[in-house]
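In: Need a 3D model of the sequence below.
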Amino acid sequence: MTLFGIDRLLIDPDLRKPLEGKRAALLAHPASVTRDLTHSLDALVASGLNVSAVFGPQHGVRGDLQDNMMESPDFTDPTYGVPVFSLYGATKKPTPAMLRNVDVLLFDIQDIGVRYYTYISTMGLAMQAAAAARIPFVVLGLGLISLVEGGIIAAMAMRPAAAPAASTVVIESPAAGDTVLVDGKPAGTTPLKLAVSSGTRAIRLIPAVVSTSIVSTPSVAAASDQAEKDRQALAAITAAAAQQRSGGVRINSPIELKVLEGDRVLGTTADGPIVTTAGTHQLDFMNSALGFRVHQAVTIRAGVLTAMTVTPPMGRLSINAEPWAQVTIDDKPIGDTPLANVAVTLGEHEVLFRHPQLGERRETVVVRADAPARVITSFQR
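Out: Numbering: from 1, shown residues only. Presented below is the predicted three-dimensional model:
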């Protein structure tokens, strides 16, 4: 019996297990069906999968727009109440805002492997967006896309960029034997010659008297959720407190922050709790990409994991359009242009401009703390 990828996903527990508890997005079209011709969206929702978003290529998700060059708008699915984003209109590639509530992207497109179909390019752009957002991309079934011409085009569209060469750094500490953590995983002890690449996010040094407990617990390297990170950090702090007055602090913030004491980098909020000696520390919390930095005195107590919150200020965004437009920011209606000094959170936002006669425009803007941001579009281009 021949099964499509969607059928195997529905019946095979081993294939479904990685999706448990995940918010899934589906990129599908009218031929995205199971063996009994149930549309993939209906089948996935019926199976209990949490479908948080849907993406439609040329001709839409269910074939309601069949004209070859007709662009389709975004809308909300009337049955399931989830957003349906068009990838055949002003936007051809999923934006960060569209993927904000997505943990995994499922691609279920049947193709016929001919050059003038746009599904291969849609797949390539969706893969790029998923990679940028660090979201798994799962291909359920591609019909005849394995034909020679289709395969060549797909390979060209999805050819990865050459990986940058790794650099070698030498890490030393005043006392040899301190543990080096690379992205939260033990890499060795000082002095250490280490190969790092552009994918390396953080390198931390843990004093030997503290690191004994950390390194001896293998699950630290694999811990992914905050509760597990806190448990491991607290265990290390408790074990070290008898030998050295050490404690820790867990920083909660809506944006990722680098933590510094003077010129020394203690870690980032993405690494989990910061472990250091007990006492009052003058710390700086910063995100240079978003123009944010704040100084704060933090008291560390021996054997205690303390929680603190760093709340960055709201940024300011001015918006305009020619001739005018209704504005939505990250799916939230804001009003009609011109709009000045709109308060928004720091970070990347998607601005949707909609004119009743002239259509839609989408713009992406990064809002920083150190200067107001502006975004302008024109329907007369």
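In: What ranges does this structure have for its helices?
Out: Assigned by DSSP state H, the chain shows helices spanning 5-11, 13-16, 40-46, 119-132, 148-157, 208-215, 219-222, 226-241.
In: where does the stretch 251-381 of the chain dip in pLDDT?
Out: Within the stretch 251-381 of the chain, the segments meeting pLDDT under 70 span 381.
In: Contact partners for the nearest residue to Thr280 once chain neighbours are set aside?
Out: In space, and not counting its chain neighbours, Thr280 is closest to Thr299: 4.9 Å by CB to CB, 6 or more residues apart in numbering. Quick note: C-beta positions are derived from backbone N, CA and C, even for glycine. Thr299 makes contact with 279-281, 306, according to CB atoms under 8 Å, 6 or more residues apart in numbering.
In: Let me see the domain layout of the chain.
Out: 5-157, 167-309, 315-378 (automatic domain parsing).
In: Need the pLDDT of the residue nearest to Ser40 when sequence neighbours are not counted.
Out: Spatially, and ignoring its direct neighbours in sequence, Ser40 is nearest to Ser32 (4.2 Å; CB to CB, 6+ apart). Predicted confidence (pLDDT) for Ser32: 84.
In: What's the separation between Ser32 and Val51?
Out: Separation of Ser32 from Val51 (CB to CB, to the nearest Å): 13 Å.
In: so what sits against both of these two?
Out: 26, 41.
In: Compare the two and say which is more crowded by neighbours.
Out: Neighbour comparison, Ser32 and Val51: the larger count goes to Ser32, with 26 against 20 (by other CB atoms under 10 Å).
In: Now do the contacts for the residue most central in space within the chain.
Out: For the chain, the residue nearest the mean C-alpha position is Ala133 (3.7 Å; CA atoms, centre = their mean). Taking CB under 8 Å, 6+ apart, we find Ala133 in contact with 96, 99, 102.
In: What residues sit buried inside stretch 46-53?
Out: 49, 51-53 (16 or more other CB atoms under 10 Å).
In: you'd agree Val265 is up against Val259?
Out: Yes. At 7.2 Å, Val265 counts as touching Val259 under the criterion of CB atoms under 8 Å.
In: one step back: what separation is there between the residue nearest to Ser40 and His59?
Out: Distance of Ser32 to His59, computed by CB to CB: 11 Å.
In: Ok, Pro372 next?
Out: Taken as CB to CB, the span from Pro372 to His59 is 41 Å.
In: now swap in Ala297 and tell me
Out: Ala297 is 60 Å from His59, by CB to CB.
In: Report how many residues lie close to Gln296.
Out: By other CB under 10 Å, neighbour count at Gln296 equals 12.
In: Would you mind writing the CA trace of stretch 344-364 as PDB?
Out: The C-alpha coordinates for stretch 344-364 follow below in PDB (Å, rounded to 0.1, in the frame of the first residue of the first chain):
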ATOM      1  CA  VAL A 344       6.200  49.100  20.700                       C
ATOM      2  CA  THR A 345       8.400  46.500  22.300                       C
ATOM      3  CA  LEU A 346      12.100  46.400  21.300                       C
ATOM      4  CA  GLY A 347      12.900  44.000  18.400                       C
ATOM      5  CA  GLU A 348      11.700  43.100  15.000                       C
ATOM      6  CA  HIS A 349       8.100  43.900  14.000                       C
ATOM      7  CA  GLU A 350       6.100  43.400  10.800                       C
ATOM      8  CA  VAL A 351       4.000  46.300   9.700                       C
ATOM      9  CA  LEU A 352       1.100  45.700   7.300                       C
ATOM     10  CA  PHE A 353      -0.200  48.600   5.300                       C
ATOM     11  CA  ARG A 354      -3.700  48.100   3.800                       C
ATOM     12  CA  HIS A 355      -5.400  50.500   1.400                       C
ATOM     13  CA  PRO A 356      -9.000  49.600   0.300                       C
ATOM     14  CA  GLN A 357      -8.300  50.300  -3.400                       C
ATOM     15  CA  LEU A 358      -4.500  49.900  -3.700                       C
ATOM     16  CA  GLY A 359      -3.900  46.600  -1.900                       C
ATOM     17  CA  GLU A 360      -1.400  45.800   0.800                       C
ATOM     18  CA  ARG A 361       2.300  46.400   1.500                       C
ATOM     19  CA  ARG A 362       4.400  44.700   4.200                       C
ATOM     20  CA  GLU A 363       7.500  46.100   5.800                       C
ATOM     21  CA  THR A 364       9.800  44.800   8.500                       C
END
